[in-house]
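Trainee: Model the structure of this input:
(chains A and B)
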Amino acid sequence: MHQHPAPPSVQTIKEHHPIAGAPALEISNIVKRYGDFTAVDDISLRVEAGDFFGFLGPNGAGKTTTINAIVGLARLNAGSIKIFGYDNTSEWRAARAQIGLAPQEYNFDRYLSIRDVLIFQAGYFGLRPREIAARADALLEQFGLSSKAKVEYTRISGGMKRRLTLARALINNPRMLILDEPTAGVDVELRLELWDLLRELNRQGITIFLTTHYLEEAEALCRNIGIIEGGKLAALESTQSLLARRQETLLTIRVDRPVRALPGGLVARGARFDPGGTRISIEGVTANQLATALTELEAAGFGIEEVDFKRSTLQDVFLELTRR
Amino acid sequence: MNAIGMWTLIKREMIRSFKIINQVIWPPVITTLLYVFVFGLALGSRIQHVQGVTYAAFLIPGLIMLQVIDSSYGECSSSVFQGRFMNSVQEMLVAPMSALEMVAGYILGSVARAVLIANIIMVLGLIFVHAWPQNWLLYFFVMTLVAVLFSALGIIFGLMAEKFDHLAVLTTFAITPLVFVGGVFTAQQFLPPVVRNLSLFNPMFYTIDAFRYSYTGQSYLSLGFSLGVIGALTVVALAIAMRMMAAGYKLRT
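Mentor: The predicted model follows:
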């Protein structure tokens, strides 16, 4: 992918401006059932304009159903969804005009060239080809697809298809991007490039709603995170506070001689060791408590040879919250 | 109203037709030519004039109607089903396009293809058997009305089908047999009275009878009655197609 100035923005024939002060996304008590199965069960959440929001959950938790409900592909049994203040049922035209969707599965029109995929998608959004051509060409250039502009999507690589999915989501100049596993199946290099691009889009003011199975991706990109499990919202908070939830650390200290007994303060903090071994481990220690632990060991006559302070990751939190 | 969205869909349908031109444009033209040569010119030379024209000239409007019906149903049913099958229809479903704009886009794209095929056959009829419409307004009106009717049926079956095989059910067991016995090859006066009366229950008969009027100036039934039947069927088919699209039948979960 290439670094280029942002593609020229476009105006829809009937511009739908966001309602002042409205959040980018407001989901209120939505329920979606398929027969007896409840895929989404009374979820409410709010994503502020400009946020980078991660929506996580194990397979079958209800992530894609929620996305489908937001973009209008799934009809709700209860609740409501507003996009920049527009109800996506009663004001669906205005609501949909705000969104660019990059679905997980490739669903391009097999009869169109790569360039026409963008031009026609813009057309469905009510944009005239002559208004959109420059933006389409700029997006093709930005995503490194210019050389393939005239071929059909079946003749490009998986990485290119993933880039095309993003380019298509951007063609209508959306205020909110909804990305369902946007980096699934791409190599590490392209993933990092896409991360940079998403950060840049977010800096430009585009709200991003992201689902991903790569938890390091959510940790690296998202400011706020919702975790869904069994159709219910298990967590909804900032990435930082989510990480702080699980007193974060596993502290491992290697000392200069075999351990037979520990100072009382460390025992009280739950420190463990293998009798005769030289390693002491303590779970749930904050950075401030590290210094205290080291001082106590030195006071007991141990020499400190190595300290490993492993922070808990979003994956640890995720597994804890979604453990069935 | 998202007129640009609708026009985009019409263009998309036309591009699709030209991408598969060897499947959808040339076969009906070549098939029709074969009918004209084998039935019209070879066997037809032994038949007296029908409705005041040669048998070959009598055949042309029936053959045009056969291809208009087949083309418009095939275009809409396969395009809608393929869009569902490949999920590419979601490109429209997430855009600000209404059910009306989608139905109109599919139908007008399909009508454009049917009219193109019909006019190619009409020109060939002019060249080979010197038959051409006497009433151009009626020619285009009936052709368009019938194409709309069968496009709407195509949308309905394209939405209902679970596999490609299901699309062929209507063609194989209803459309093709009913068109063939609906007056493409024979005038009503050549049929036994029982069969003649049964034809009145065949909707294809009304389409062919009304369309042939634009060529010969004659019809078995009153032109107004036939147009009324076709119009009523079209309204019902359109209403069902619209209802299904608006409900997101097998499109939105």
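Trainee: Show me what the helix or strand where residue A:196 lies is in contact with.
Mentor: Residue A:196 is located in helix A:188-203, with elements delineated by DSSP states H and E. Residues from elsewhere that reach helix A:188-203 (C-beta atoms under 8 Å, 6 or more residues apart in numbering or on different chains): A:1, A:50, A:52, A:159, A:162-163, A:166, A:170, A:177, A:179, A:182-183, A:186, A:208, A:210, A:214, A:217, A:220-221. The C-beta positions use only the backbone N, C-alpha and C, and glycine is treated the same way.
Trainee: Just the ones of the residues you listed in strands?
Mentor: If you go by DSSP state E, those have A:52, A:177, A:179, A:208, A:210 in strands.
Trainee: Of those residues, which is the nearest to chain B?
Mentor: Among the ones in strands among the contacts of helix A:188-203, residue A:177 lies closest to chain B (C-beta to the nearest C-beta), at 12.4 Å.
Trainee: any idea how far residue A:291 is from residue A:267?
Mentor: According to C-beta to C-beta, to the nearest Å, residue A:291 and residue A:267 sit 18 Å apart.
Trainee: again with residue B:248
Mentor: Noted for residue B:248: a distance of 64 Å to residue A:267, by C-beta to C-beta.
Trainee: Pick out whichever of these two has more residues nearby.
Mentor: Neighbours were counted for residue B:248 and for residue A:267 using other C-beta atoms under 10 Å in any protein chain shown; residue B:248 has more, 16 against 11.
Trainee: sorry, back to before: of the ones in strands among the contacts of helix A:188-203, which is the nearest to residue A:303?
Mentor: residue A:52 (45.8 Å; C-beta to C-beta).
Trainee: which SSE is residue A:309 in?
Mentor: strand A:304-311.
Trainee: Kindly calculate the angle that whichever helix or strand comes after that strand makes with strand A:304-311.
Mentor: As assigned by DSSP H and E, the chain's next helix or strand after strand A:304-311 is helix A:314-322. Here helix A:314-322 runs at an angle of 60 degrees relative to strand A:304-311 (axes from the mean of the first three to the mean of the last three C-alpha atoms, to 10 degrees).
Trainee: what's the spacing between the helix or strand where residue A:135 lies and its chain's center?
Mentor: Per DSSP H and E, residue A:135 falls inside helix A:129-142. In this view, helix A:129-142 has its centroid 27 Å away from the chain centroid, taken as C-alpha atoms, centre = their mean, to the nearest Å.
Trainee: How about the contacts made by the residue in chain A that chain B sits nearest to?
Mentor: As assessed by C-beta to the nearest C-beta, chain B sits closest to residue A:123 within chain A, at 3.0 Å. Contacts of residue A:123 were listed using C-beta under 8 Å, 6+ apart, and they are A:129, A:132, B:4-5, B:7-8, B:11.
Trainee: Can you tell me which of those end up in helices?
Mentor: Judged by DSSP state H, those include A:129, A:132, B:4-5, B:7-8, B:11 as members of helices.
Trainee: So which of these wins on neighbours?
Mentor: With neighbours defined as other C-beta under 10 Å, the most crowded of the ones in helices among the contacts of residue A:123 is residue B:8; it has 28 neighbours.
Trainee: If you rank every helix and strand of the chain by mean pLDDT, what lands last?
Mentor: Assuming you mean chain A. helix A:314-322 (a mean of 72; mean pLDDT, DSSP states H and E).
Trainee: not what I meant, chain B
Mentor: Sorting the helices and strands of chain B by mean pLDDT, DSSP H and E puts helix B:193-199 at the bottom, at a mean of 82.
Trainee: Tell me which other helices or strands the helix or strand following that helix touches.
Mentor: Beyond helix B:193-199 in the direction of the C-terminus, DSSP H and E gives the next helix or strand as helix B:203-216. Contact here means 3 or more C-beta pairs under 8 Å, 6 or more residues apart in numbering or on different chains; DSSP states H and E; on that basis helix B:203-216 packs against helix B:55-86, helix B:136-160, helix B:176-179, helix B:223-247.
Trainee: most tightly surrounded among those helices?
Mentor: helix B:55-86 (a mean of 25; mean count of other C-beta atoms under 10 Å in any protein chain shown).
Trainee: could you check whether that helix is close to chain A?
Mentor: Yes - using C-beta under 8 Å from any C-beta of the partner chain, helix B:55-86 reaches chain A at residue B:86.
Trainee: The helix or strand following that helix packs against which elements?
Mentor: As assigned by DSSP H and E, the chain's next helix or strand after helix B:55-86 is helix B:90-93. Applying 3+ C-beta pairs under 8 Å, 6+ apart, one finds that helix B:90-93 contacts helix A:114-124.
Trainee: Now do the same contact list for residue A:223.
Mentor: Applying C-beta under 8 Å, 6+ apart, the residues near residue A:223 are A:51-53, A:238-239.
Trainee: 10 Å - rerun?
Mentor: A:48, A:50-54, A:202, A:208, A:238-240 (C-beta atoms under 10 Å, 6 or more residues apart in numbering or on different chains).
Trainee: Over to residue A:72?
Mentor: A:81, A:83, A:88-89, A:92, A:95-96, A:99, A:101, B:90, B:93-96, B:248, B:252.
Trainee: Which of the contacts of residue A:223 are buried, as a PyMOL select command?
Mentor: Buried residues within the contacts of residue A:223, by 16 or more other C-beta atoms under 10 Å in any protein chain shown, are selected in PyMOL with:
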select buried, chain A and resi 50+51+52+53+54+202+208+239
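Trainee: got the contacts of residue A:223 as TSV, with pLDDT columns?
Mentor: Shown next, in TSV, are the contacts of residue A:223 (pLDDT from 0 to 100):
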residue	pLDDT
A:48	94
A:50	93
A:51	95
A:52	96
A:53	96
A:54	94
A:202	95
A:208	96
A:238	89
A:239	87
A:240	83
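Trainee: got TSV for the contacts of residue A:223, with distance to residue B:182 too?
Mentor: TSV is the format used below for the contacts of residue A:223 (distance: C-beta to C-beta, whole Å):
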residue	distance to residue B:182
A:48	63
A:50	63
A:51	62
A:52	62
A:53	60
A:54	61
A:202	62
A:208	58
A:238	70
A:239	68
A:240	73
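Trainee: Between the contacts of residue A:223, which sits nearest residue B:126?
Mentor: Checking these against residue B:126 with C-beta to C-beta, the nearest one is residue A:208 at 60.5 Å.
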